[in-house]
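J.: Kindly return the folded structure for what I paste below:
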Amino acid sequence: MGAIVETVTPYKEIIDVIKEKGGDSLKYCYQCGLCDSVCPWNRVRQFSMRKIVRQGTFGLTEIEQEDIWRCSTCGTCPSRCPRGVNQIEAGVAMRRIGAEYDVYPGHVGTIRNVVASLTSEGNSLGGDRTQRGDWAKDLPVKPYAEGMELLYFTGCYLSYDPRMRKVAAATAAILNKAGVDFGILGSKESCCGESIRKTGNEELFKRLAKENIKQFIDNGVTKILVSSPHCYHTFVNEYPEFKVNFEVVFISQYIGQLIAEGRLRITGEFAKKVTYHDPCYLGRHNGIYDEPRQVLQQVPGLELLEMADNRETSLCCGGGGGRIWMETPKEERFADLRIRQAVDVGATVLATSCPYCITNFTDSSLDLAEHEKVEVKDLAEIILEVI
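T.: This next block holds a predicted model:
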């Protein structure tokens, strides 16, 4: 498929195109190979980010090659690179060339379905836009109105996925328990666009972002609460590209704030061994490590354990960078390794705060032996049990 690139973009111009689309930092790479040594892919199969960077430096010739689409944008390699190369930006720049011409490897063809769903219904799961707020139809949750304390931006997975809807309901129950005046946008909410941007589809990201920004402004939104690190990341770091700024708070931070203010009281026990997983887009990308742990440590009876890879070295679940929509062979799933780490420290509950992580860990936990079973929970679900 290299001919596709050479037809639409002359070879001599490919390097300029990559730089133009965000990959200029490639020039700083001196091929030390540290990115390969820390990449989670090399725990499950052979993979070379250094090779991808090298190809980009001298001109990408095959935009359909599978390795370009492997990166989960976990942030491990740019956080360790001694030369400041942003491998994520460089990799996404390469993907943009392919996305512009609808060229993907066969195994990620489902991205085309995601693009279609995002374009027509504003979500990545193929759900009807009119049903986006159905998770709350039997709950005391109101439509957002100007002047409310905050908007709860639910996100795609918490709106449509049956497992993740339970997390949305738990969050709403916590907010109501604390007396928070909040509302949701329901069918007026669109996907935040973070993950589709990482697949290279810049045009669709901008469309989704503008739709959300318009709704935020039209409805007088000033403060936004989110349960997805991907929504948090794009609202905080990418939406300001459109010259707007909203106060954005992540659920674990907000729960901690409610407890500190005395609006939320923990009265019950959670007598279990719990280990906390740092989602890539909450931890490495945004530096939120302490707040979730501080909340869990305030729960009576809860014993907090740390897995082998934690905080800055947390092991990716494999769902970022659009890979949540791609099929990954069982023997190549990072989530299987992470679940095993939870078992190894003696945890009976794996807690986290990310819809992608919960989805992948739940799937991986199904393969555990009965005596090794680990329950996967969102932090909000644990807190709801003890208030």
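J.: just the strands in the stretch 51-200 of the chain please.
T.: Taking DSSP state E, counting those that start in this stretch, the strands of the stretch 51-200 of the chain run over residues 142-143, 150-153, 182-184.
J.: can you give me the mean pLDDT across the last one?
T.: To tie it back to what came earlier, the one meant is strand 182-184. Computed over strand 182-184, the mean pLDDT rounds to 98.
J.: Name the residues that touch it?
T.: The contact list for strand 182-184 (CB atoms under 8 Å, 6 or more residues apart in numbering) reads 133, 136, 141-145, 148-154, 175, 225. Backbone N, C-alpha and C define where each C-beta goes, glycine included.
J.: One more: the second one?
T.: Here strand 150-153 makes contact (CB under 8 Å, 6+ apart) with 141, 144, 171-172, 175, 180-185, 189, 192, 216, 219, 221, 223-226, 231, 235, 249.
J.: Could you point out which of the strands of the stretch 51-200 of the chain sits nearest Leu296?
T.: For these, the distance to Leu296 is smallest for strand 150-153, at 21.5 Å, taking CB to CB.
J.: and that closest one, average pLDDT?
T.: For strand 150-153, the mean pLDDT works out to 98.
J.: From the chain's centroid, how far away is that strand?
T.: 18 Å (CA atoms, centre = their mean, to the nearest Å).
J.: Tell me the strands beside it, with direction?
T.: Strand 150-153 has its sheet partners listed here by DSSP bridges as strand 182-184 (parallel), strand 223-226 (parallel).
J.: export those strands to JSON lines and tack on mean neighbour count and distance to Met94?
T.: As requested, the strands paired with strand 150-153 are exported to JSON lines (neighbours: other CB atoms under 10 Å; distance: least, CB to CB, whole Å):
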{"stretch": "strand 182-184", "mean neighbour count": "20", "distance to Met94": "37"}
{"stretch": "strand 223-226", "mean neighbour count": "21", "distance to Met94": "29"}
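J.: Could you export those strands as CSV, including distance to Glu100?
T.: Output for these, formatted as CSV (distance: least, CB to CB, whole Å):
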stretch, distance to Glu100
strand 182-184, 34
strand 223-226, 30
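J.: All the helices of the stretch 101-250 of the chain, residue numbers only.
T.: All helices of the stretch 101-250 of the chain, identified by DSSP state H, counting those that start in this stretch, fall at 110-121, 156-160, 162-177, 194-198, 202-218, 229-233.
J.: hmm, who's touching the fifth one?
T.: So the one you mean is helix 202-218. In contact with helix 202-218 (CB under 8 Å, 6+ apart) are residues 21, 96, 99, 115, 118-119, 122, 151, 185, 188-194, 196-197, 221, 224, 234, 238-239, 242, 244, 246.
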